[in-house]
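Novice: whatever this is, show me its structure:
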Amino acid sequence: YTKFCEGYSDYVMKNSLTNHLIHKPGIICEVDWSGSTMSIVNKETGEIIPVYLFVATLPYSQYSYVEPCFDMKQNTWLKCHVNMFNFFGGSTIRIKCDNLKVGVTSHPREGDIILNEKYESLGDFYFAAIMPTGIRKPKHKASVEGTVGKIATAIIAKLRNISFYSMDELEIAIRNELEKFNRSKFQKREGSRYEVFHEMEKQYLRALPPVPFEIAEWVYGYSVNLDCHISYKTNRYSAPYQYVGKKVNLKITDTFLEIYFKEERIATHRKIPDYLKHKWSTLEEHMPDHFHSTEWDDERIQKWAYTIGKNTGEVIDRIFGSVRIKEQGYNAALSVLKLAKTYTEKRLETACEIALSKIRSPRYSHLKALLSSNQDTLHLARVAEQEKKELNKSVQGYVRGSDYYSGGDKS
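Specialist: Just a heads-up that it's a prediction; the model follows:
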């Protein structure tokens, strides 16, 4: 047993040797996700939204890039590579990454490595060879692994006590701290990352293509609604009114959403961030002329509401008061009023009265829940019972004494 332990110890020592690698400028770029995360606060809800950090390092100069992201999905991974090359001002011959699913489909012990199709397309676009590291071999990309640890102190720790309310705020803060990190002096080497990169490495990077790699996702078969909008991930984007009822396709990038009818692009919008819900992106030119020139439609809806009752009318007024242009309230208002056909006008009026006492701007879902659970009927029953009790309290009786019934004075 002792001999075995000695032999195994010798074996470990011989096979754990670490070689100091000498890198050439402009050849390799190492990329990874940081294990530590940051966060932003949603102003509207107070929700804490996690933010992940993409990290890239050029091993020769140790010049680094950091980008905050809402997720670690494939399109985000590709977008970070595009922004990384723009930051460096050129591309490298090789990209070293981990064996993550958004980049590598298969990495067998023997045989060819199969890259993700989109990731391989990005490599072809920038003429860069994507070279995944060995499985569980972090030393194969030691530079970026080291940078991940350093930015935890240089960026994440320094900003940990600051609350950020938008991705733009966080990006600016990270950019400022990253600039300080890259310009700080080496401890065991002359100069800084910034100086070594600009003086000795940048000239060896390959020139970027005139047009950056475009990352886009296509989704098909969306309908243009009567309000001239399509709905995508709880948010709404306008389309020209001529296409109401038509099927359209969406091309979605990180910053834009484009609407196509057949092969023709009919609208382009700034993409609303996914963490925002129930927002509208409306271009006035997409609305028909009568939407701008008259208020007959919304007046008709409001008149209909007040014929049902003042509470129903108040609900419809609040719906129109919560939207930027009145057309955005049509569907919500009409869906409320149509409940009268299913549950009667009296029940809808009662449900609106209950909802107004609890909710600032009641919608169809709130009223439907009240009506389907018969809460309006129970409310009326409670009101009737209370009125009966009040009536009984107000009634005064006259009590005749025993003399009346015994033949005494009956005056």
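
Novice: quick one: secondary structure of Glu179?
Specialist: helix (DSSP: H, G, I helix; E, B strand; the rest coil).

Novice: ok, it - contacts?
Specialist: Shown in contact with Glu179 (CB atoms under 8 Å, 6 or more residues apart in numbering): no residues. Yep, even glycine has a C-beta here, placed from its N, CA and C like the rest.

Novice: swap in Tyr194?
Specialist: For Tyr194, the contact set (CB under 8 Å, 6+ apart) comprises 63, 182-183.

Novice: on the three-state scheme, it is what?
Specialist: Put simply, Tyr194 is helix when judged by three-state DSSP.

Novice: return the distance of it relative to Phe181.
Specialist: Distance from Tyr194 to Phe181, counting by CB to CB, to the nearest Å: 9 Å.

Novice: got the contact list for stretch 223-239?
Specialist: With contact meaning CB under 8 Å, 6+ apart, stretch 223-239 is reached by 219, 222, 240-241, 243-248, 250, 252, 257, 259, 266-267, 269, 272, 274, 276-283, 286-288, 327-328, 330-331.

Novice: next step: the residues you listed restricted to strands.
Specialist: 219, 222, 247-248, 250, 252, 257, 259, 266-267, 269, 280-281 (DSSP state E).

Novice: list only those of those flagged as buried.
Specialist: Buried members of the ones in strands among the contacts of stretch 223-239, scored by 16 or more other CB atoms under 10 Å, are 222, 248, 250, 252, 257, 259, 266-267, 269, 280-281.

Novice: CSV for those, including distance to Phe125 and pLDDT?
Specialist: Listed next are these as CSV, based on distance: CB to CB, whole Å; pLDDT from 0 to 100:
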residue, distance to Phe125, pLDDT
Tyr222, 29, 93
Val248, 28, 94
Leu250, 23, 93
Ile252, 19, 88
Leu257, 23, 92
Ile259, 26, 94
Ile266, 28, 93
Ala267, 27, 92
His269, 26, 93
Trp280, 35, 89
Ser281, 30, 91
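
Novice: export those as TSV, with columns for distance to Ile230.
Specialist: TSV is the format used below for these (distance: CB to CB, whole Å):
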residue	distance to Ile230
Tyr222	5
Val248	7
Leu250	7
Ile252	12
Leu257	9
Ile259	7
Ile266	11
Ala267	9
His269	10
Trp280	11
Ser281	10
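
Novice: which of these lies closest to Asp317?
Specialist: Among these, Trp280 lies closest to Asp317 (CB to CB), at 19.1 Å.

Novice: output the longest helix seen in the chain as CSV, restricted to C-alpha atoms.
Specialist: Secondary structure of the chain read by DSSP state H shows that its longest helix is helix 375-394. Extracted as CSV, the C-alpha positions of helix 375-394 are listed here (Å, rounded to 0.1, in the frame of the first residue of the first chain):
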residue,chain,number,x,y,z
GLN,A,375,-69.3,37.3,-6.8
ASP,A,376,-71.7,40.0,-8.2
THR,A,377,-74.7,37.9,-7.1
LEU,A,378,-73.3,37.4,-3.6
HIS,A,379,-72.6,41.1,-3.4
LEU,A,380,-76.2,41.9,-4.3
ALA,A,381,-77.4,39.4,-1.7
ARG,A,382,-75.3,41.0,1.0
VAL,A,383,-76.5,44.5,0.1
ALA,A,384,-80.2,43.3,0.1
GLU,A,385,-79.7,41.7,3.6
GLN,A,386,-78.1,44.9,4.9
GLU,A,387,-81.0,47.0,3.6
LYS,A,388,-83.5,44.6,5.2
LYS,A,389,-81.7,45.0,8.5
GLU,A,390,-81.7,48.8,8.2
LEU,A,391,-85.4,48.7,7.3
ASN,A,392,-86.3,46.6,10.4
LYS,A,393,-84.4,49.0,12.6
SER,A,394,-86.4,52.0,11.2
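
Novice: and the furthest pair within the ones in strands among the contacts of stretch 223-239?
Specialist: Farthest pair in the ones in strands among the contacts of stretch 223-239 (CB to CB) is Lys247 and Trp280. Separation: 21.2 Å.

Novice: mind listing the strands for the stretch 101-250 of the chain?
Specialist: Using DSSP state E, counting those that start in this stretch, the strands of the stretch 101-250 of the chain run over 104-106, 114-115, 129-132, 217-223, 229-232, 235-238, 247-252.

Novice: most neighbours per residue, which of these?
Specialist: When these are scored by mean count of other CB atoms under 10 Å, the highest mean neighbour count falls to strand 235-238 (a mean of 23).

Novice: what about stretch 37-46, average pLDDT?
Specialist: For stretch 37-46, mean pLDDT rounds to 88.

Novice: for stretch 186-194, same thing?
Specialist: For stretch 186-194, mean pLDDT is 84.

Novice: what do you get for stretch 78-85?
Specialist: Stretch 78-85 comes out at a mean pLDDT of 92.

Novice: contact partners of it?
Specialist: So stretch 78-85 is contacted by 29, 31, 54, 56, 65, 67, 69, 91, 95, 118-119, 122, 126, 208, 212-213, 215, 254 (CB under 8 Å, 6+ apart).

Novice: just the buried positions in the longest helix of the chain, please.
Specialist: Neighbour counts over helix 375-394 (16+ other CB under 10 Å) mark 376, 379 as buried.

Novice: contacts for it, please.
Specialist: Residues outside helix 375-394 that contact it (CB under 8 Å, 6+ apart): 347, 350-351, 353-354, 370.

Novice: can you check stretch 320-335 too?
Specialist: In contact with stretch 320-335 (CB under 8 Å, 6+ apart) are residues 225-229, 236, 280, 282, 287, 291, 295, 297-298, 301-302, 305, 316, 319, 361, 363-364.

Novice: pull out the buried positions in that stretch.
Specialist: By 16+ other CB under 10 Å, the buried positions in stretch 320-335 come out as 320, 323, 326-333.

Novice: need the distance between the two termini of that stretch.
Specialist: 13 Å (CA to CA, to the nearest Å).

Novice: what do you get for stretch 216-233?
Specialist: Using CA to CA, first and last residues of stretch 216-233 are 16 Å apart.

Novice: kind regards, and thank you for your time.
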